[in-house]
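> need a structure here:
(chains A and B)
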Amino acid sequence: MRYVDKTVVGLSIAFVVLLFADFFMAEWMRFIGLQSLARGAVALGLLVLWRTGLVSFGHALYFGIGAYAAAMLTLVGYHDAFFLVLAGTLASGLLAFLLGFLLRRYRAIFFALLNMAFSMILYGVIVKTEELGSTDGFSVLTPTFLGYAPQGEAVQTTLFLFTLVFTYIVTVGVHLYLKTTLGGMSMAVRENEIRVEYLGYSAEKVIHVKYVFSGLVAGFGGAIMALAIGQVDPDSMANWNVSGEFVFITILSGIGNVGATYIGALVFELIRTYAFEYAPQVWQFILGGSLLAIIMFLPDGIWSLIDRLRKSEG
Amino acid sequence: MQELIVILVDGLVFSSYLFMVAVGLTVIFGVMKILNVTHGSFYAFGAYMSATLIGAYYSTDWPEFGGFLAIFAAALVVGVFFGIVLERGLLRFLYHRDEHIIVLATFAMFLVLEDVLLIIWGTDPYFAFEPMTLLGSVDIVEMTFDVYSLTLICLAVVVGLGLWLGLTKTKWGKLLLAVIFDREVSQAMGINVTVVFTVTFVIGAIMGALGGAYIAPTISVNPGIGVEVIVLAFAVVVIGGMGSIPGAMIGALLVGISRAAAVHKFPEIELFVIYAIMAVVLSIRPEGLFAPAQARKI
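Modelled structure (predicted):
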């Protein structure tokens, strides 16, 4: 039972609850939930990177690749969600693997900015490609699920189930990985890379593994997002402020726990949706203001609230 | 040959523009080690303020050339106001925090200011062509260039030289260099680092605002110009080496001329040639072309 701890139990309960809730949720709730899962997945990748002390301001690159890969495949006649999401995830993972050879040599702000440079190259390519709808993007066709072709609301219900199952597996997987020796090395790399090397581990390899992983989940999130919204466009999928939003979610959640990323993503999505709904003139103001408030007053993210609660109990 | 000259002139104009928007960013980074996303807002506010003041100026019957004063006044007002408010009101509470957190705080502030901008000026574009039409245009090898854009080159040279001289030849500049080199030791030697930081941030903010204010007559000033400019400025600063003024100049020239060449030769790669250069330079020289050497702490 050494694999089962509080986090795994918590995640499993949340998983089961959401699984059933899916059939009763209002459409808008499911939509927000889907987006939160998609963004939360990207934030999960960033969390893993952040544990090694690295922050990427360019993960919209992998998010965008995942979204566009899935969306483009629907154009050429592939509709199966399993295939589309797998393709989006692998495409991003492959790119992350290749760029990883270069990026693993960089630290601190250079790592963050080089990532941004690559993501802006993708943005530039998409904007200049008329076949992909340039700045308008294009619509994604409705997916099927292993031959099952839902209609109307059932599409989102099925997609939610589909996303839930995969995010659950990935998140528990990440949690267990972070508990292994290799996962534990990330903190060590952040604290003192040179000592890690002396202990016989390769800091660059540790970083590369994490980078590929973060690329994979960002691609997964992107593909899900494309299917959930039914539309891809460069400004909400690949521009630099999208990357900023992912980092925002990571800060909001804190890097204490893998489950927190989804709570963070949900809070982000709620702030965004409601701010946009009720105060369309100042939604960025509200978003920026909440981010500032988090940075100033809750430096370790939402998760630190739970830690504080525990401490006051104990 | 003719095309080459056109590319060169176009490139120089664009480089000067890039230098103007990037130099403030690099000054702030050099001294404070802060990558300031809010720089995009300084630029946008500078542009809007300049368009407004120019409009107000030309509705009076004062001498025509005084309109240029409106541009500099706009930059000064925006830069001093936002510089002081942001540094004293926000950043000073964050100096001890992780550098990524500070970047994100400035990103948050950028989002906030984007909406403040919309509240003040609305979504309609502003135009302030008067200073540009005033200077007319010239023909260079059968291509028409407006003189106003060419004056941008002079402005960039003056600003670059001014900052460089100020930094290397004056007492203030030397204090600044001491702070850049080692903040703690300079504090121990009696340099008031708090004041140095505030002044640096204000100067950087004025530079950002001046970039926007001066470019305002040549563009339609609309929401979203801040988002575009910030990545351009980042690219230039990163290529040149963060914190280096000559670096910003070389970075601006490299990016400006390559983009001009791309616009004339291969328009479809125009947008990402900038980031491609950034990626190539960074992968060869991670700290940028002119970055000051850093001691590695073990």
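
> Next one: residue A:112 from residue B:257, what distance?
From residue A:112 across to residue B:257, the span is 27 Å (C-beta to C-beta, to the nearest Å). Just so you know, the C-beta spots here come from the backbone N, C-alpha and C atoms, and that holds for glycine as well.

> With residue A:51 instead?
With C-beta to C-beta as the criterion, residue A:51 and residue B:257 are 42 Å apart.

> hmm, back to that, who has more neighbours out of residue A:112 and residue B:257?
Neighbours per residue (other C-beta atoms under 10 Å in any protein chain shown) separate residue A:112 from residue B:257, with residue A:112 holding more: 21 against 17.

> Point me to the helix or strand that includes the more buried one.
helix A:108-128 (DSSP states H and E).

> residues of that helix that come out buried?
Across helix A:108-128, burial judged by 16 or more other C-beta atoms under 10 Å in any protein chain shown covers A:109-128.

> Downstream of it, the next helix or strand is which one?
Next along the chain from helix A:108-128, counting by DSSP H and E, comes strand A:138-139.

> now residue A:143, nearest residue through space, not along the chain?
residue A:81 (4.0 Å; C-beta to C-beta, 6 or more residues apart in numbering or on different chains).

> you'd agree the one you found is up against residue A:140?
No: assessed by C-beta atoms under 8 Å, residue A:81 is found out of contact with residue A:140, at 11.0 Å.

> Now for these two: what residues contact both?
residue A:227 (C-beta atoms under 8 Å, 6 or more residues apart in numbering or on different chains).

> Give the buried residues for stretch B:43-53.
Counting neighbours by 16+ other C-beta under 10 Å, one finds that the buried residues in stretch B:43-53 are B:43, B:44, B:45, B:46, B:47, B:48, B:49, B:50, B:51, B:52, B:53.

> Going by residue numbers, what spans are strands in the stretch 51-200 of chain B?
According to DSSP state E, counting those that start in this stretch, the stretch 51-200 of chain B carries its strands in the segments B:137-140, B:143-146.

> okay, the last one in CSV with CA atoms only?
Output in CSV follows, covering the C-alpha atoms of strand B:143-146 (Å, rounded to 0.1, in the frame of the first residue of the first chain):
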residue,chain,number,x,y,z
MET,B,143,11.1,55.7,-52.9
THR,B,144,9.2,58.1,-50.7
PHE,B,145,10.1,58.2,-47.1
ASP,B,146,8.4,60.5,-44.6
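
> what's that strand packed up against?
Counting by 3 or more C-beta pairs under 8 Å, 6 or more residues apart in numbering or on different chains; DSSP states H and E, the packing neighbours recorded for strand B:143-146 are helix B:2-32, strand B:137-140.

> Stretch B:21-29 close to chain A?
No: remark: stretch B:21-29 sits outside contact range of chain A, by C-beta under 8 Å from any C-beta of the partner chain, the gap being at least 8.9 Å.

> which of the strands of the stretch 51-200 of chain B is buried the deepest?
Greatest average neighbour count among these goes to strand B:143-146 (a mean of 14), per mean count of other C-beta atoms under 10 Å in any protein chain shown.

> For residue A:191, which non-adjacent residue is spatially closest?
residue A:53 (8.0 Å).

> any idea how far whichever strand or helix holds residue A:197 is from the chain center?
Assigned by DSSP H and E, residue A:197 falls within helix A:193-198. On the basis of C-alpha atoms, centre = their mean, to the nearest Å, helix A:193-198 sits 29 Å off its chain's mean C-alpha point.

> before we move on, the earlier item: mean pLDDT for the strands of the stretch 51-200 of chain B - can I get that in TSV?
Formatted as TSV, the strands of the stretch 51-200 of chain B follow (pLDDT from 0 to 100):
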stretch	mean pLDDT
strand B:137-140	72
strand B:143-146	74
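
> Same list (those strands) but as a markdown table, adding distance to residue A:178.
What follows is the strands of the stretch 51-200 of chain B, written out as a markdown table (distance: least, C-beta to C-beta, whole Å):
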| stretch | distance to residue A:178 |
| --- | --- |
| strand B:137-140 | 62 |
| strand B:143-146 | 59 |
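
> of all these, which lies closest to residue A:47?
Among these, the nearest to residue A:47 by C-beta to C-beta is strand B:143-146 (50.9 Å).

> Give me the contacts around that closest one.
Residues contacting strand B:143-146 (C-beta under 8 Å, 6+ apart): B:2, B:6, B:9, B:13, B:132, B:135, B:136, B:137, B:138, B:139, B:218.

> Kindly report the same for stretch A:105-119.
A:53-61, A:64, A:99, A:102-103, A:193, A:204, A:238, A:240, A:243, B:35, B:99-100, B:103, B:231, B:234-235, B:238, B:242, B:275, B:278-279, B:282-283, B:286-287.

> returning to that earlier point: so which elements touch the helix or strand that the helix holding residue A:197 is followed by?
Counting by DSSP H and E, the next helix or strand C-terminal to helix A:193-198 is helix A:203-229. Packing partners of helix A:203-229 (3+ C-beta pairs under 8 Å, 6+ apart): helix A:27-51, helix A:60-75, helix A:81-103, helix A:153-179, helix A:181-191, helix A:193-198, helix A:234-237.

> what pLDDT, on average, does helix A:203-229 get?
The average pLDDT for helix A:203-229 rounds to 86.

> try stretch B:274-281
80.

> Which single residue of the stretch 101-250 of chain A ends up nearest chain B?
Residue nearest to chain B within the stretch 101-250 of chain A (C-beta to the nearest C-beta): residue A:124, separated by 2.8 Å.

> which stretches of chain B form helices?
B:2-32, B:39-58, B:67-89, B:99-121, B:130-135, B:147-169, B:171-181, B:183-188, B:193-215, B:225-240, B:245-265, B:270-284 (DSSP state H).

> Figure out which of those helices is closest to residue A:294.
helix B:99-121 (8.7 Å).

> what angle separates the closest one from helix A:27-51?
140 degrees (axes from the mean of the first three to the mean of the last three C-alpha atoms, to 10 degrees).

> Would you mind writing the CA trace of helix B:99-121 as CSV?
C-alpha atoms of helix B:99-121 as CSV (Å, rounded to 0.1, in the frame of the first residue of the first chain):
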residue,chain,number,x,y,z
GLU,B,99,12.7,36.6,-10.2
HIS,B,100,9.9,34.7,-11.9
ILE,B,101,7.4,35.9,-9.4
ILE,B,102,8.4,39.5,-10.1
VAL,B,103,8.0,38.9,-13.8
LEU,B,104,4.5,37.6,-13.1
ALA,B,105,3.6,40.5,-10.9
THR,B,106,4.5,42.9,-13.7
PHE,B,107,2.5,40.7,-16.1
ALA,B,108,-0.5,41.1,-13.7
MET,B,109,0.1,44.8,-13.6
PHE,B,110,0.2,44.8,-17.4
LEU,B,111,-3.2,43.2,-17.5
VAL,B,112,-4.6,45.7,-15.1
LEU,B,113,-3.2,48.6,-17.0
GLU,B,114,-4.6,47.3,-20.3
ASP,B,115,-8.1,47.8,-18.9
VAL,B,116,-7.3,51.1,-17.3
LEU,B,117,-6.2,52.2,-20.8
LEU,B,118,-9.6,51.1,-22.2
ILE,B,119,-11.5,52.8,-19.5
ILE,B,120,-9.7,56.1,-20.1
TRP,B,121,-9.5,56.1,-23.9
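
> Chain neighbours aside, what residue packs nearest to residue B:18?
Counting by C-beta to C-beta, 6+ apart, the residue nearest residue B:18 is residue B:252, at 4.0 Å.

> Any residues of the stretch 1-150 of chain B in contact with chain A? List them.
B:35, B:37, B:90, B:93-94, B:97, B:99-101, B:103-105, B:107-116, B:118-119.

> Confirm the residue nearest to residue A:191 sits in a strand?
No: counting by DSSP: H, G, I helix; E, B strand; the rest coil, residue A:53 is not part of a strand but coil.

> Just to check, it is in contact with residue A:190?
Yes: when contacts are counted by C-beta under 8 Å, residue A:53 is listed as touching residue A:190 (3.3 Å).

> Can you list the low-confidence ranges for chain A?
Along chain A, segments meeting pLDDT under 70 span A:1-2, A:313-314.

> Just want the most central residue of chain B.
Nearest to the mean C-alpha position of chain B, by C-alpha atoms, centre = their mean, lies residue B:21 at 1.7 Å.
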